[in-house]
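**Student:** Here you go, sequence then predicted model.
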Amino acid sequence: MISAYTGTQIRETEKSFLDNGVGAVLMQRAAYGLANAVVRELRGGRQRLYGASVTVLAGKGNNGGDGLFAAAMLARRGLRTTAVLTAGDAHPEGLAAFKKAGGRVVRLTPENMAEATAAAAASGVVIDAVLGTGAQGGLRGPAAELVEALGRARPGLVVACDIPSGVDADTGEAHAPVLRAELTVTFGAAKAGLLADPGADFAGRVQVVPIGIEAGLPWPALCRFEAGDLSALLARPERRAHKYSRGVLGVVAGSSAYPGAAVLACKGALAAGAGMVRYLGPPDVADLVRQACPEIVCSAGTVAGTHVQAWLVGSGLDDSDEQQLQRARDAADSGLPTIADAGALPALPDVLAPQVILTPHAGELASLLQRLGVGLDRAAVEASTLSAVRRAAGLTEATVLLKGATTLVASPFQDFYSQAEGTPWMATAGSGDVLAGVIGALLARLGADVGHFAERGIDPDARWGAIAAMAASVHGRAGSLASAGGPVTASAISDAVPEVLRTM
Ligand SMILES: NC(=O)C1=CN([C@@H]2O[C@H](COP(=O)(O)OP(=O)(O)OC[C@H]3O[C@@H](n4cnc5c(N)ncnc54)[C@H](O)[C@@H]3O)[C@@H](O)[C@H]2O)[C@@H](O)CC1
Ligand SMILES: Nc1ncnc2c1ncn2[C@@H]1O[C@H](COP(=O)(O)OP(=O)(O)O)[C@@H](O)[C@H]1O
Ligand SMILES: [K+]
């Protein structure tokens with residue numbers, strides 16, 4: 001599992017080390033990790049180290065210090081190094097080491113702005129070490145001007161030191177201008193803002209360099225499941241499993257306008273290993289569901305009269321179909337774990353419960369928040385995804401999964417997950433319906449199994465968020481597998497789910 005922390009958590013952890021006078025040692029480790037990462041990138045691109053050019057944009061704090069020490073190490077390995085000091089001042093020891101190693105120093109002024117920009121744009125590697133976890137707000141003054149111009153000039157390989165300057169380490173909010181990095185080398189542990197959009201857009205690949213503070217880190221602010229976690233959590237069926245023990249999912253989805261959503265949700269659930277799927281809905285949609293998936297048991301019954309372990313409600317619901325909306329409300333009110341998607345979101349009560357998992361995309365989350373009195377539009381949600389999803393979970397008391405390039409999960413117990421295994425090709429109609437099905441199958445199978453999670457170190461209350469994140473990971477992996485770099489349909493994502501689960 002990748003654990004990520006806020007800037008404050010990292011600074012508090014570092015404090016005891018700094019108080020003990022080992023701050024300089026930590027900085028050397030950070031700089032060494034950063035310099036090595038740059039070397040690996042150059043070698044990976046089959047470039048010669050000797051004579052390669054590197055420009056470090058160095059601010060006046062410790063982030064600039066890390067960058068200058070790293071650049072000094074690179075200078076000693078034969079790279080041509082330039083430091084652009086964006087604040088006039090610089091970390092004194094870092095600057096001294098850089099000069100001693102033979103690096104060239106440019107103190108940024110309005111007069112040499114064009115020259116400094118051109119030099120940075122022409123160098124093979126740019127290290128962004130202007131602001132780190134001590135940043136308050138975004139870049140200002142000459143540093144902002146330089147980064148703005150450099151962004152337009154499309155520089156070579158951009159490597160961010162700890163975090164792209166201007167990205168908030170706690171929330172992932174980006175204060176323009178931010179230089180888009182291909183790689184972020186981050187110290188001690190990942191920062192939460194690197195795993196939430198839009199920060200993740202600017203961070204590129206994230207590499208964590210241990211610096212010796214790890215044992216003192218607190219409970220993470222944000223987690224990301226990796227393949228090994230999924231293998232442990234997605235247990236195979238027991239030898240004497242039967243269809244009921246595998247989990248029965250009830251599905252309330254689809255309408256005459258969107259019958260396909262019901263089919264895709266059911267397919268997603270079957271693909272993710274539901275023991276049985278019971279569909280409730282209008283006869284014309286039920287006919288289509290039966291034709292597409294003869295495995296599904298269809299009826300026109302009520303929620304109370306249908307025996308299931310979990311519910312999936314809302315995908316493709318029509319807001320005028322009062323019978324389906326009532327079923328969605330009954331399911332959310334049943335006390336059983338329920339994934340509520342799309343058309344169910346505006347139909348449910350404001351306050352729900354943790355075992356109800358809401359799955360909005362950014363637009364739907366904005367509408368939900370507006371209904372709850374929070375004046376955020378879609379753009380505001382996209383600019384601050386982690387804060388938005390956290391607020392929604394707090395206000396609704398439900399578990400909230402925000403879909404997007406990075407999928408975020410927030411539970412009312414303050415557990416946060418970020419998964420990003422998908423591909424932009426998955427931004428295709430019906431993809432979210434398949435995700436709903438995958439979540440539904442996992443809820444039906446694992447929702448009641450408190451012991452299963454407890455044995456794997458997950459608190460019973462935290463299992464709803466964990467299940468949502470596991471499903472997002474499986475869905476993202478299935479999408480990437482099916483896409484293989486090209487277009488993908490929602491059906492193909494669903495078809496790839498069993499292969500992902502087989503390899504877990
Ligand atoms: N303290 C240590 O020993 C370690 C620190 N580390 C590095 O230190 C960084 C944090 O260092 P700092 O706390 O010095 O903070 P930063 O280097 O992030 O920046 C703080 C400095 O920039 C100024 N500043 C803040 N916001 C600004 C803005 N918007 N525009 C212009 N100037 C601004 C502040 O006044 C201060 O001088 C981490 O990101 C990491 O790179 C790592 O080397 C690990 C060890
Ligand atoms: N740029 C992207 N990169 C990766 N995954 C994405 C991207 N955009 C959307 N997705 C994923 O695709 C799915 C889209 O769901 P949704 O917006 O509900 O679509 P629909 O309602 O058409 O099914 C979600 O799982 C989301 O996380
Ligand atoms: K930085």
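**Tutor:** Thanks, I have the structure now. Numbering: from 1, shown residues only. Ligands and ions are numbered 1, 2, ... in the order given.

**Student:** can I assume residue 342 is in contact with residue 312?
**Tutor:** No - counting by CB atoms under 8 Å, residue 342 stays clear of residue 312, with 10.8 Å between them. Backbone N, C-alpha and C define where each C-beta goes, glycine included.

**Student:** And ligand 2, is stretch 368-378 touching that?
**Tutor:** No - legend: contact between stretch 368-378 and ligand 2 by CB under 6 Å from any ligand atom is lacking; minimum distance shown is 11.9 Å.

**Student:** Residues contacting that stretch, please?
**Tutor:** 345-346, 350, 358, 360, 362-363, 366, 381, 384, 388, 391-392, 395-396 (CB atoms under 8 Å, 6 or more residues apart in numbering).

**Student:** Quick one: buried ones out of those?
**Tutor:** 345, 358, 360, 362, 366, 381, 384, 388, 391, 392, 395, 396 (16 or more other CB atoms under 10 Å).

**Student:** In this structure the fifth one contacts residue 385, no?
**Tutor:** No - assessed by CB under 8 Å, residue 366 is found out of contact with residue 385, at 11.2 Å.

**Student:** Leaving out sequence neighbours, find the closest residue to residue 191.
**Tutor:** residue 169 (4.2 Å; CB to CB, 6 or more residues apart in numbering).

**Student:** hang on, the earlier thing: which ones among the contacts of stretch 368-378 also lie next to ligand 1?
**Tutor:** Near ligand 1, by the rule CB under 6 Å from any ligand atom, you find none of these.

**Student:** the domain parsing of this structure - what is it?
**Tutor:** 2-224, 247-503 (automatic domain parsing).

**Student:** And the last one, how far out from the chain middle?
**Tutor:** Going by CA atoms, centre = their mean, to the nearest Å, the spacing between the C-alpha centre of domain 247-503 and its chain's C-alpha centre is 17 Å.

**Student:** So the residue nearest to residue 191 belongs to a helix, correct?
**Tutor:** No - assessed with DSSP: H, G, I helix; E, B strand; the rest coil, residue 169 is coil; it does not lie in a helix.

**Student:** For it, give me its contacts.
**Tutor:** 6, 7, 10, 132, 133, 135, 163, 191, 192, 193, 194.

**Student:** residue contacts, the closest residue in space to the last one that isn't next to it in sequence?
**Tutor:** Spatial nearest neighbour of residue 194, chain neighbours left out: residue 203 (4.5 Å); criterion: CB to CB, 6+ apart. Listed by CB under 8 Å, 6+ apart, the contact set of residue 203 reads 160, 163, 164, 167, 181, 184, 194.

**Student:** Same check on residue 324?
**Tutor:** By CB under 8 Å, 6+ apart, the neighbours of residue 324 are 252, 255, 281, 282, 317, 318.

**Student:** Leaving out sequence neighbours, find the closest residue to the closest residue to ligand 1 within the stretch 201-350 of the chain.
**Tutor:** Across the stretch 201-350 of the chain, no residue is closer to ligand 1 than residue 211, which sits at 5.6 Å (CB to the nearest ligand atom). Once flanking residues are discounted, residue 211 sits nearest to residue 29: 4.2 Å by CB to CB, 6+ apart.

**Student:** does ligand 3 sit close to the host helix or strand of that neighbour?
**Tutor:** Counting by DSSP states H and E, the element that carries residue 29 is helix 23-44. No - counting by CB under 5 Å from the ion, ligand 3 has no neighbours in helix 23-44; the shortest distance is 10.2 Å.

**Student:** Quick one: list the elements packing against that helix.
**Tutor:** The contact analysis (3 or more CB pairs under 8 Å, 6 or more residues apart in numbering; DSSP states H and E) places helix 23-44 against helix 7-19, helix 62-76, strand 125-129, strand 157-161, strand 183-187, strand 205-209.

**Student:** Of all these, which one is nearest ligand 1?
**Tutor:** Closest approach to ligand 1 among the helices and strands packed on helix 23-44 is made by helix 62-76 (3.0 Å; CB to the nearest ligand atom).

**Student:** Any residue of the closest one touching ligand 1?
**Tutor:** Yes - for helix 62-76 and ligand 1, the contact criterion (CB under 6 Å from any ligand atom) is met by 62, 63, 64, 66.

**Student:** Now do the contacts for the last one.
**Tutor:** Contacts for residue 66 (CB under 8 Å, 6+ apart) come out as 27, 30, 31, 34, 94, 129, 132, 161, 162, 187.

**Student:** Tell me the spacing between the fifth one and residue 129.
**Tutor:** When CB to CB, to the nearest Å is the yardstick, residue 94 and residue 129 sit 9 Å from each other.

**Student:** joint contacts of those two?
**Tutor:** Contacts common to residue 94 and residue 129, judged by CB under 8 Å, 6+ apart, are 58, 64, 66, 67, 68.

**Student:** Quick check: closest non-adjacent residue to the first one.
**Tutor:** What sits nearest to residue 58 in space, not counting adjacent residues and going by CB to CB, 6+ apart, is residue 64, at 3.7 Å.

**Student:** Count the neighbours of that neighbour for me.
**Tutor:** 28 (other CB atoms under 10 Å).

**Student:** contact partners of stretch 220-239?
**Tutor:** By CB under 8 Å, 6+ apart, the residues outside stretch 220-239 that reach it are 1-6, 9, 170, 189, 192, 195-196, 245-246, 273, 386, 415-420, 442, 446, 452-453, 456, 458, 466, 469-470, 473-474, 501, 504.
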